[in-house]
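*Asks:* Turn this into a structure:
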Amino acid sequence: MKFHRFALLFLMLVLCTLTSFAAPGDTTVVTTSPVLNADGSVSYDTMIVLPTSKTYRKIFFVYTVNSHNCPSGSTYCHQWDYLGNASLKTTHGDTVEIARIITPYSNSGWSRFPNPPAWSMDYVFDVTDMAPLLRDSITVNSSLGVGSPGFGIYTKLIFIEGTPDRNSIAVKRIYAHGGAYGNASNPIDNNFPVVNQTAPAGTVSTAFRFIVTGHGSDANGCCEFADHYYDLFLNSSSIVRRHIWRNDCGVNETYPQGGTWVFERANWCPGASVKPYYDVLPAITAGSNYNVNLSFEPYTVASVSGNYFATASVVYFGGFNKTLDASIDDIISPSSHPDHFRENPSSSKPTIRLHNSGSTPIDSVAFLYGVDDTAMEPYVWAGTLA
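*Replies:* Numbering: from 1, shown residues only. Predicted coordinates for the structure are as follows:
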């Protein structure tokens with residue numbers, strides 16, 4: 001065991017529930033939308049003012065979906081998969097998407113969605129990388145597009161003071177649209193042209209952040225039920241190919257649902273948050289002049305009815321702020337959080353998500369864990385965590 005790569009963490013699982021302990025004053029919660037009942041599509045802007053003198057170890061955005069009683073005679077009440085999202089509107093006029101979710105098939109009668117409706121789901125997004133935008137004055141837009149009543153949304157930002165893993169220096173919007181897919185006379189690539197950028201001072205590494213979901217259905221099930229890919233180009237060379245696809249809808253934590261929630265889809269599942277694709281842009285450091293663009297898998301269809309909703313940004317990072325550091329990012333079991341519904345209740349082996357928050361690889365971590373008011377049990381994990 002190499003001491004310089006050894007991290008010590010203490011994990012206390014108290015009465016099979018997750019409790020967060022924070023020093024007084026180190027966490028700020030900002031409401032970014034009240035409870036909005038979406039009997040039609042809703043969009044809500046909140047302007048917030050944040051201090052410039054503070055740094056935040058973590059910033060989370062919480063998008064809560066809940067239910068309410070539907071108007072008499074309404075159909076498909078809170079039982080369809082609709083798209084919700086949140087974006088930051090900067091003082092420079094850019095709009096940067098920070099979160100996207102799809103509502104569940106939450107028609108009453110399933111155990112997670114009782115009758116009368118009285119449920120809510122929290123979708124938590126780590127938006128620490130957006131720190132350069134979340135200072136001074138910023139407008140947060142929270143929205144949900146629905147075609148039937150019964151859903152409501154509530155959103156908030158949580159700022160936890162401290163030192164982040166690494167400083168996010170700047171966030172630049174690259175694309176803010178999607179497009180129809182399969183049109184031979186107007187290929188979707190036209191919506192993702194070459195964009196030139198220069199990495200700002202202090203940049204040590206750069207990442208391309210892409211949020212994309214496929215919707216609609218043509219003769220081939222595209223785009224919702226068809227697996228297609230895109231290539232990310234850096235300076236005219238493809239550096240990564242990604243399939244716009246999720247193959248884990250059947251193990252959705254929002255379970256059980258009605259409808260077709262078990263079927264795999266184009267990077268989304270009913271009742272789940274949408275995962276952004278993150279890809280490092282190699283060798284892009286301070287002062288680098290470069291360009292990026294996207295190219296989708298060649299595809300044409302006689303009658304176009306599918307499309308991809310897509311937004312992209314580039315995040316510029318400084319160096320790591322810590323050499324040797326580790327953190328527990330999540331307690332999967334035991335937990336009462338809805339994100340881990342299928343793994344709980346559990347009274348046997350604790351399961352956690354470990355994160356290396358320093359620049360040095362870690363090859364072992366020592367834990368103490370147990371039930372409150374009992375002797376703690378030791379456990380040492382060994383492996384390689386970059």
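*Asks:* quick check: longest strand of this protein.
*Replies:* strand 307-320 (DSSP state E).
*Asks:* Identify each buried residue in stretch 105-125, please.
*Replies:* Across stretch 105-125, burial judged by 16 or more other CB atoms under 10 Å covers 105-108, 110, 112-113, 117, 119, 121, 123-125. In this view, the C-beta of every residue, glycine as well, is placed from N, C-alpha and C.
*Asks:* do stretch 189-197 as well
*Replies:* 191, 192, 195, 197.
*Asks:* now stretch 206-223
*Replies:* For stretch 206-223, by 16+ other CB under 10 Å, it's 206-216, 218, 221-223.
*Asks:* and what of stretch 69-86?
*Replies:* Quick answer for stretch 69-86 (16+ other CB under 10 Å): 70, 77, 78, 79, 80, 81, 82, 83, 84, 85, 86.
*Asks:* Any chance of TSV for the residues you listed, columns secondary structure?
*Replies:* Converted to TSV, the buried residues of stretch 69-86 look like this (DSSP: H, G, I helix; E, B strand; the rest coil):
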residue	secondary structure
70	coil
77	coil
78	coil
79	coil
80	coil
81	coil
82	coil
83	strand
84	strand
85	strand
86	strand
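*Asks:* which stretches of the stretch 101-250 of the chain have low pLDDT?
*Replies:* 108-109, 115-117 (pLDDT under 70).
*Asks:* all strands for it, in order.
*Replies:* 120-126, 136-144, 151-161, 166-175, 179-180, 195-198, 205-215, 229-234, 237-243 (DSSP state E, counting those that start in this stretch).
*Asks:* Show residues contacting the shortest one.
*Replies:* Among residues not part of strand 179-180, those counted as contacts by CB atoms under 8 Å, 6 or more residues apart in numbering are 186, 188, 190, 191, 304, 306, 307, 308, 310.
*Asks:* repeat that with 7 Å
*Replies:* 188, 191, 304, 307, 308 (CB atoms under 7 Å, 6 or more residues apart in numbering).
*Asks:* number of nearby residues for the last one?
*Replies:* Under the neighbour criterion other CB atoms under 10 Å, residue 308 is assigned a count of 25.
*Asks:* ok, and the closest non-adjacent residue to it?
*Replies:* residue 178 (4.4 Å; CB to CB, 6 or more residues apart in numbering).
*Asks:* Tell me how many other residues surround that neighbour.
*Replies:* The burial count for residue 178: 20, using other CB under 10 Å.
*Asks:* For it, give me its contacts.
*Replies:* 191, 307, 308, 309, 310.
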